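# sequence below, structure please.
(2 chains)
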There are 2 protein chains.
Amino acid sequence: MAGEELKALTSAPHWASSPEDYKTALYVADKFKAAGLETSIVPYNVLLNKPIRISIEAFNANGDKLMSGPTQEHVDPKRYGGDPYQDDPRVLPAFNGSSPSGDVTAPVVYANYGELADFKELQKMGVSVKGKIVLVRYGANFRGVKVYIAQKYGAVGVLIYSDPTDDGYFRGDVYPKGPWRPATAVQRGSVQFLPIYPGDPETPGIASTPDLPVSKRIPADKIQADWPSIPSNPLSYKDAAPILKALGGQESPRSWQGALPFTYHLGADGGPNVVTVHMHLEQDTRLRTIWDVIGTIDGTDPAEKEDWVIVGNHRDAWVYGAVDPNSGTAAMLEAVHGFGALLKQGWRPKRRIVFASWDAEEEGLIGSTEWCEQYANHLAHAVAYFNTDVGVSGPNFTAGAVPSLKPFLRDITQRVQSPKGGTVYSQWQQTQKAADAMRASTHRQFRPETPGENDVRIGNLGSGSDYTPFLQHLGVPSTDIGSSGPYGVYHSVFDNYNWFTKFADPTFVYEQQQARVFGLEALHMADADILPYDYQVYGADIVGYVHAAQRHATALNLSLDFTAANAAAQRFANAGEDIHHIQETPPPNTATLNHALRAAEEALLNPAGLPKRPWYKHTIYAPGEYTGYAAVVIPGVNEAIEAQDAPLAQAQITALAQALNRSAAILEQAAK
Amino acid sequence: MAGEELKALTSAPHWASSPEDYKTALYVADKFKAAGLETSIVPYNVLLNKPIRISIEAFNANGDKLMSGPTQEHVDPKRYGGDPYQDDPRVLPAFNGSSPSGDVTAPVVYANYGELADFKELQKMGVSVKGKIVLVRYGANFRGVKVYIAQKYGAVGVLIYSDPTDDGYFRGDVYPKGPWRPATAVQRGSVQFLPIYPGDPETPGIASTPDLPVSKRIPADKIQADWPSIPSNPLSYKDAAPILKALGGQESPRSWQGALPFTYHLGADGGPNVVTVHMHLEQDTRLRTIWDVIGTIDGTDPAEKEDWVIVGNHRDAWVYGAVDPNSGTAAMLEAVHGFGALLKQGWRPKRRIVFASWDAEEEGLIGSTEWCEQYANHLAHAVAYFNTDVGVSGPNFTAGAVPSLKPFLRDITQRVQSPKGGTVYSQWQQTQKAADAMRASTHRQFRPETPGENDVRIGNLGSGSDYTPFLQHLGVPSTDIGSSGPYGVYHSVFDNYNWFTKFADPTFVYEQQQARVFGLEALHMADADILPYDYQVYGADIVGYVHAAQRHATALNLSLDFTAANAAAQRFANAGEDIHHIQETPPPNTATLNHALRAAEEALLNPAGLPKRPWYKHTIYAPGEYTGYAAVVIPGVNEAIEAQDAPLAQAQITALAQALNRSAAILEQAAK
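So this is what the prediction gives:
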């Protein structure tokens, strides 16, 4: 069943706002309705760019053409079965969501992964990127952050390529022989400044409903530093190679060397070894309609029915999106089908369950963000948001979560069988232990973070998927699940049904596994008598975060007073312990307890938001300003320390202490 | 001066036994004589192979030719100044010393670095090398060890190539633009089974003097397991690439992947993806004459004059040998020149100093080994052997030594100025600290071996140069010095005067530095009232070695009794401490004390030698059976433990304890 659904969903490229995307919305809505969900298609009008013409050419100092691209994504149709999807004329050329149009010609500088440290290193080596086109490789941070930093440093354009070291033949056999990225495959993707705010760039904090008056929108040309103003485009390693190979100037630092067969240089400023690139991008950037699909099962408990459980996955894809995102969509539909069967037997949940099929996630979490902004008041009561994006790219279960839901997630995965035998949890544990052992054998001094700890480690939530508006804007406790493996076709034309059934999950058994975990998360949360948040774990984590920040500040010789934050963290941890005992032997009136448990997470929001990025309101987690995907903990405090801004750091310590005290007070009250 | 000497020595290829090699012997002898040394040219007749025809061809399953080589070592003469030496017709084709002739055709298997662990991994993956030609990359162990293991596992031929990850464009710009290995450059080298015994293979333990009767020689066909019986040859990465690229079969383990631009496979046993190589090697293997040059300055002290100080460097080269070895020869000649000036002023050393210019080191330490075997009785009194091989490849001082001479070497380097400012020692320390800091920043959990220790760390002596017969066969305390940098032309035609003056030491200032350190070692040792051995340091090290071996045995569940070895090590350490105090306030009769200090090292020899390799007699250090270059400490014990052979390990523990007790008794007697 998941197989049929995946095949149907991925039969055509379905870029957000395209007619094919709308067809998938209808398909999902039909499935929701068939299961008995109250279903609606919710449209938003949002700013999206569509490539009209993408041209990138490189020249040496004599004006000889080194490359002219982008090359069409293509593999030899006669070897290893070829690829049946690559020649569809509806496939858009590879491009960056949120890149402006541009026609720039400039010398090229190579800047490694485009991390802040890389740009600083270039500066130290006397290489300026001002007025240059920066060539960076994928990896280490979110691609929008690469553009964000390059723009700050005065670059006029950015080219982002997939180096075979990180994503290509160095990892293993390339498609269609193996699962890894072939030479022409390009990683498309948004370069939105995600750490500033996601969603429609013209409407931060406001929903882009069709009836939103234009006057409420920030005109695109007024967004400035919060939005890419320089053109950027992704490249395959086939197209990047001739540029990189010809670069003159200094040898790059040796850790910047990739797996292309020559020595990487930084690029010359002029002279006989300069490489000049001409980027000509024409983007049709305007308001386009996208479609979330929302399906609801009403709750029965009057005290709890307004406390929603939301389950979501995006539906739009850069091209076919077999893995990203429709392996997740197929799993969600399978879970919905299961709920349909329950509904037919007369079952109803205590709390309302909302299934959401988001649109335009790829452009910057737009469908989920606009919906969250529209229903912010209702979502203040939401008890959980469960996300899946890349549902299945292989057999290894992975997850991220807020600390309060980590024990819940471990519990759920212990209840689902793995196709490998045993439970999802036991397999997860085994994979993690094997990876630890492998690391320990390569890095003699490697020690897993928490030695002696037998529990599976679960990562924190940064960004890069639809849990961001729920958790970091609204304070809804969230989890994100997936099942991973060697996956070298991310955001390329080759992420299609052929690749999926050859390498990810030929018999759809991991699809079924994910459907069960996903469904069970919703079922248990919707029917829980006592909300299963673990504030004891959360408190211990936060105490640790504050201590680590203090050590970091000391190492940087910043004079900061952590007294209030340490006290508040300890108070929160103590309250967490107390409430944990109450949850084990709950009082008769569970509604009050549940309300407090839910309110304690919301109290961790700072209504003023983070410095420079007020849309992000959570005091404990945010995507890092300079990482994008990876979470920064107690971000206000840590980023001010990293920037060595003592007054700001002190103010953020105060804000953190206030949030922790607010939250602790709620828990203390409930524990009385 | 060092510059002129280097230019003269490297004006022609001077492979051991060639007429050009003989010319360099005359040149060095002249320099020795000019300085006032009593000089002789000492010939030996030894077994050497010279390539007559080297042909290597690769074919796919259809019989299409994939490569035909070896390609001549060549760089574009029009770019970056080209190379003025590459076209000399006297350059021999790249080959392996000690490879037999052979004409074999077989499928190829890729075996990573050809370490024992790699062959075990292949076995685990179900890939047999029996009857195959094994393709391995340089690095991790001595090339002869690769052949030694391949032969044991039943391979019929070995190809050894330089992967650009370890030695080529991945490291940095290639010659002539930069110092790293260009695509066609080949690392020649001996594949002798060095860990079994070095020197002329037909005369282990006996000197191959011209008058040695044939009856005293082991015929080549009787050496069997101690000598390569399968053909092997080195390859450039240009020639290895088409073979590796075409290999079918399983994907290689990912840590086996190198920097060539495709995914490395293990090789198919047959079928459409098999790659077959035809190696046709014709070697002219016969007795050839080599020439050591020996120059002597007699000692004045009747009690000490027979206790020689030997200073040595080899002179023969695979091709031009600008770095290896003639940068060392030039430094030695500069030091000899300095002694000449002292002699002219009437100075004479207390102890005899012997300068040695070894021949046929490249073929297997032959010149030094035969000389040591010839003068074994005299060398029983030798107080030190100071070696330099790769004298200068860049600005960073490096050294290895027996523990008893480590403090001596630190002292000497504190007395010589560095061209970078400060002393050689302070620069050495700084380079080591910078490397530690770099490692610490990349590997978060890296800790230098001896934290808190401010002294420069000095490595142990394994093998790969001429100190081996002195230290490991005869027990002469030894050091080995050099000055290193990015050096990608090792054993290729490009290790010539052009490369040297472009990248290693354009103004010969490091040549002068090395000459001073080398000369000062000899001067201080020859004139020392009390021999500067530090048995306190030596004792502490040995106690540590025994403890580590015991822990290793326990980890492997081997039931061994370490009581005797621990007691003997402790006794040796205590005696070392006592003698250290005596050395600080010496008695009037220093001769007796010096004799004991010297005899204590000799007492560490086990006359029976190591199991399976009786030529190696030192109980504390030997080249590892499976490493070749790297030292194994207390080798008899550790290798028996590694092989999990408890009875052998117990016997070796006894032998070690006996040697330590012998040595300790000598020191105790002297300390009374």
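# who does the helix or strand hosting A:A600 touch, helix- and strand-wise?
When secondary structure is defined by DSSP states H and E, A:A600 falls within helix A:590-602. Packing contacts for helix A:590-602, counted by 3 or more CB pairs under 8 Å, 6 or more residues apart in numbering or on different chains; DSSP states H and E, involve helix A:563-584, helix A:646-671. Quick note: C-beta positions are derived from backbone N, CA and C, even for glycine.
# what about 7 Å?
Secondary structure elements in contact with helix A:590-602, counted by 3 or more CB pairs under 7 Å, 6 or more residues apart in numbering or on different chains; DSSP states H and E, are helix A:646-671.
# tell me what the helix it packs on is packed against?
Checking 3+ CB pairs under 7 Å, 6+ apart, helix A:646-671 ends up next to helix A:535-555, helix A:563-584, helix A:590-602, helix A:635-642.
# so the third one versus helix A:535-555, what angle?
Counting by axes from the mean of the first three to the mean of the last three CA atoms, to 10 degrees, helix A:590-602 lies at 20 degrees to helix A:535-555.
# residues touching helix A:590-602, excluding its own?
The contact list for helix A:590-602, computed with CB atoms under 7 Å, 6 or more residues apart in numbering or on different chains, reads A:303-304, A:307, A:380, A:383, A:404, A:475, A:477, A:529-531, A:533, A:535, A:582, A:586-587, A:663, A:666-667, A:669-670.
# helix/strand/coil for A:F494?
When the structure is reduced to helix, strand and coil (DSSP: H, G, I helix; E, B strand; the rest coil), A:F494 reads as coil.
# confirm for me that it is in contact with A:D83.
Yes. Under the criterion of CB atoms under 7 Å, A:F494 makes contact with A:D83 at 6.1 Å.
# who has more neighbours, those two?
A count of neighbours by other CB atoms under 10 Å in any protein chain shown puts A:F494 above the other of A:F494 and A:D83, at 28 against 22.
# neighbours of the residue lying closest to A:P84 once chain neighbours are set aside, how many?
Using CB to CB, 6 or more residues apart in numbering or on different chains and skipping the chain neighbours, the partner closest in space to A:P84 is A:N498 (5.7 Å). Around A:N498 sit 20 other residues, with neighbours defined as other CB under 10 Å.
# return the distance of A:N498 relative to chain B.
The span separating A:N498 from chain B equals 20 Å under the rule CB to the nearest CB, to the nearest Å.
# same check on A:G172?
With distances defined as CB to the nearest CB, the gap from A:G172 to chain B amounts to 6 Å.
# kindly report the same for A:Q658.
Taken as CB to the nearest CB, the spacing of A:Q658 relative to chain B amounts to 34 Å.
# need the helices for the stretch 401-550 of chain A, in chain order.
Assigned by DSSP state H, counting those that start in this stretch, the stretch 401-550 of chain A shows helices spanning A:406-413, A:424-442, A:467-468, A:474, A:497-499, A:509-527, A:535-555.
# turn these into CSV, columns for distance to A:A12.
Formatted as CSV, those follow (distance: least, CB to CB, whole Å):
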stretch, distance to A:A12
helix A:406-413, 34
helix A:424-442, 33
helix A:467-468, 28
helix A:474, 34
helix A:497-499, 11
helix A:509-527, 20
helix A:535-555, 44
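# related to what we said a few turns ago, deepest of the helices and strands packed on helix A:646-671, which one?
helix A:635-642 (a mean of 24; mean count of other CB atoms under 10 Å in any protein chain shown).
# and the contacts of that helix?
Outside of helix A:635-642, the residues within contact range by CB under 7 Å, 6+ apart are A:549, A:552-553, A:556, A:558, A:610-611, A:619, A:622, A:625, A:632, A:648-649, A:652-653, A:655-656.
# recalculate using a threshold of 6 Å.
A:549, A:552-553, A:610, A:622, A:625, A:632, A:648-649, A:652-653, A:656 (CB atoms under 6 Å, 6 or more residues apart in numbering or on different chains).
# likewise stretch A:367-378?
Counting by CB under 6 Å, 6+ apart, stretch A:367-378 makes contact with A:44, A:198-199, A:206-208, A:290, A:292, A:358-360, A:466, A:469, A:474, all of which sit outside it.
# and the furthest pair within the residues you listed?
A:I290 and A:L474 (20.2 Å; CB to CB).
# looking at the two, which has the bigger crowd around it?
Under the criterion of other CB under 10 Å, the comparison of A:I290 against A:L474 puts A:I290 first, with 28 against 23.
# and the pLDDT at that one?
What the model reports for A:I290 is a pLDDT of 98.
# could you measure it against A:T369, distance?
The spacing between A:I290 and A:T369, counted by CB to CB, to the nearest Å, is 11 Å.
# which strand or helix spans the residue of the stretch 1-150 of chain A found nearest chain B?
Among the residues of the stretch 1-150 of chain A, A:A117 lies nearest to chain B; the distance is 10.9 Å by CB to the nearest CB. Mapping A:A117 onto the secondary structure by DSSP H and E places it in helix A:116-124.
# name the residues that touch that helix?
Residues outside helix A:116-124 that contact it (CB under 6 Å, 6+ apart): A:111-112, A:149, A:153, A:626.
# ok, the residue nearest the centre of chain A - contacts?
In chain A, the residue lying closest to the centroid (CA atoms, centre = their mean) is A:G464, at 1.4 Å. Taking CB under 6 Å, 6+ apart as the definition of contact, the neighbours of A:G464 are A:Y629.
# so for it, what's the pLDDT?
With respect to pLDDT, A:G464 has a value of 85.
# got it, and A:A671?
Residue-level confidence at A:A671 comes out at 88, pLDDT.
# tally of neighbours for it?
In terms of burial, A:A671 registers 18 neighbours under the definition other CB under 10 Å.
# can I get the helices and strands packed on helix A:646-671 in CSV including mean pLDDT?
As requested, the helices and strands packed on helix A:646-671 are exported to CSV (pLDDT from 0 to 100):
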stretch, mean pLDDT
helix A:535-555, 96
helix A:563-584, 97
helix A:590-602, 94
helix A:635-642, 96
